[in-house]
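A.B. asks: below are the sequence and a predicted model for it; my questions follow.
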Amino acid sequence: MMHQVPPRRPHPGFTLIELLVVIAIIAILAAILFPVFARAREKARHNTCMSNQRQIALSIVMWAQDHGETLPSADTVWQDLNLTPKLLACPSKTARTGYVYVAALGGMKMGEISAPTKVHVIGDGVKKSSGPVNTLAGVQDWDYRHSNKLVVAYLDGHVAVTGDQLEPFPLLVTHDLYWWLRADKHYRPNNADKWYAYQHNTGKATVSTDWVRTLSAETMNGFPCISMPGNANMYDYGNLFWPDADRTLVIAFRPKVVTAGWLINTGPGNAIRLNAGNLEVGGRPTDADATYSWSTGIPVTINECHYCIATWSRGEGVSLRLDNVEPAVTDPNILGFNNYITVYIGGDGGSRFNGDIAELILFKRLLKRNELELLHTYLTAKYGIPA
């Protein structure tokens, strides 16, 4: 007896709606997972970059230890280290060498650096400024390539990630730092284009800055600065210049007029001014004098970035340095002080400063020679002033 095999029924296919639903589900999953995969890939590149920089930083320290504790020159650092190309390549960058060496460290003695945990030696970068290839001479040479973050390695060997704007060389002189105003830090709340609050202040709690000024349309080597138009100033109530107290004041500035203009004064007692193309430091010969006496001037170049370091001392008189000009101008006969409580940034009365000011640093003591050299490195590297 023959058994009849029933005919096979054709398998039903997917309908168009079903296909569209599946495609939509796949698209949703892809939209969710692809960014996760991208972040995972970037994290892997980030970790590789940190490992590379840690090894390079340690190589730099080892090279310095073999060469009299002296850090390699910016001109020859990569030849001196002779590292493998793979170690020099950042996985997030196609360039052969994805890192920059801090040029300001070239030739510096390791022993001169009191805080190696604060000094970055290499980081993510693309050379845009002048100078040796793959070296950092200004903030424009950093490259925030890891999700808008920067990987940097420090002199002690640790590696960090930051989104902040880093100066090429940090301020290492902080003992007896009394007052610090920076145009790129601590703005007044709800008024972000004005210079108001303090980067550092150990003076009286009631210190306040009034007559705030707007940021300049131009920067000083990539760093913001305050515009002083020649007819206005800022002033500070703080007794920053106490009688009988030695003081060291640092100002980073760019003059638009050099024939006249006071950078700072406290009433008859402590002052820095531009006069006939020169920078001068002033004070009172004795406490009884009500008028200023002025030091010999140092020539200043219009529309160029400068820094000055002025001192007032009851025992030594006054001194003034401009950029890297040596020796300092001194006058041991200007010994008077006053207790005028207001400090005028940009001058008060008379002729006011016309130009830009990026930074003021005040120490309540005289600085040592090695500290002045560290200040010089910090300021020349940050503001692109020739060393």
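C.D. replies: Thanks, I have the structure now.
A.B. asks: where in the protein is the helix or strand with the lowest mean pLDDT?
C.D. replies: Here the helix or strand of the chain ranked lowest by mean pLDDT, DSSP states H and E is strand 200-201, holding a mean of 40.
A.B. asks: what's the pLDDT at Asp348?
C.D. replies: Here, the pLDDT recorded for Asp348 equals 77.
A.B. asks: hmm, I was thinking of Val22
C.D. replies: 85.
A.B. asks: can I assume it sits in a helix?
C.D. replies: Yes. Judged by DSSP: H, G, I helix; E, B strand; the rest coil, Val22 forms part of a helix.
A.B. asks: and the spatially most central residue of the chain, what does it touch?
C.D. replies: Geometric centre of the chain, nearest residue: Glu167, 2.7 Å, by CA atoms, centre = their mean. Glu167 makes contact with Val139, Phe223, Tyr378, Ala381, Lys382 under the criterion CB atoms under 8 Å, 6 or more residues apart in numbering. Glycine gets a C-beta too; all of them are placed from N, C-alpha and C.
A.B. asks: including secondary structure and distance to Val329, could these go into JSON lines?
C.D. replies: Formatted as JSON lines, the contacts of Glu167 follow (DSSP: H, G, I helix; E, B strand; the rest coil; distance: CB to CB, whole Å):
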{"residue": "Val139", "secondary structure": "helix", "distance to Val329": "31"}
{"residue": "Phe223", "secondary structure": "strand", "distance to Val329": "27"}
{"residue": "Tyr378", "secondary structure": "helix", "distance to Val329": "21"}
{"residue": "Ala381", "secondary structure": "helix", "distance to Val329": "24"}
{"residue": "Lys382", "secondary structure": "helix", "distance to Val329": "23"}
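A.B. asks: list the contacts of stretch 46-56.
C.D. replies: Stretch 46-56 is contacted by residues 81, 83, 87-92, 98-99, 122-124, 146-147, 151-153, 157-159, 161 when judged by CB under 8 Å, 6+ apart.
A.B. asks: now it: average pLDDT?
C.D. replies: 92.
A.B. asks: can you show me the CA trace of that stretch as CSV?
C.D. replies: Extracted C-alpha coordinates of stretch 46-56, given in CSV (Å, rounded to 0.1, in the frame of the first residue of the first chain):
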residue,chain,number,x,y,z
HIS,A,46,44.6,57.2,25.9
ASN,A,47,46.1,54.5,28.1
THR,A,48,48.8,53.8,25.5
CYS,A,49,49.6,57.5,25.3
MET,A,50,50.0,57.7,29.1
SER,A,51,52.3,54.7,29.0
ASN,A,52,54.4,56.2,26.2
GLN,A,53,54.7,59.5,28.0
ARG,A,54,55.6,57.9,31.3
GLN,A,55,58.4,56.0,29.6
ILE,A,56,59.7,59.1,27.8
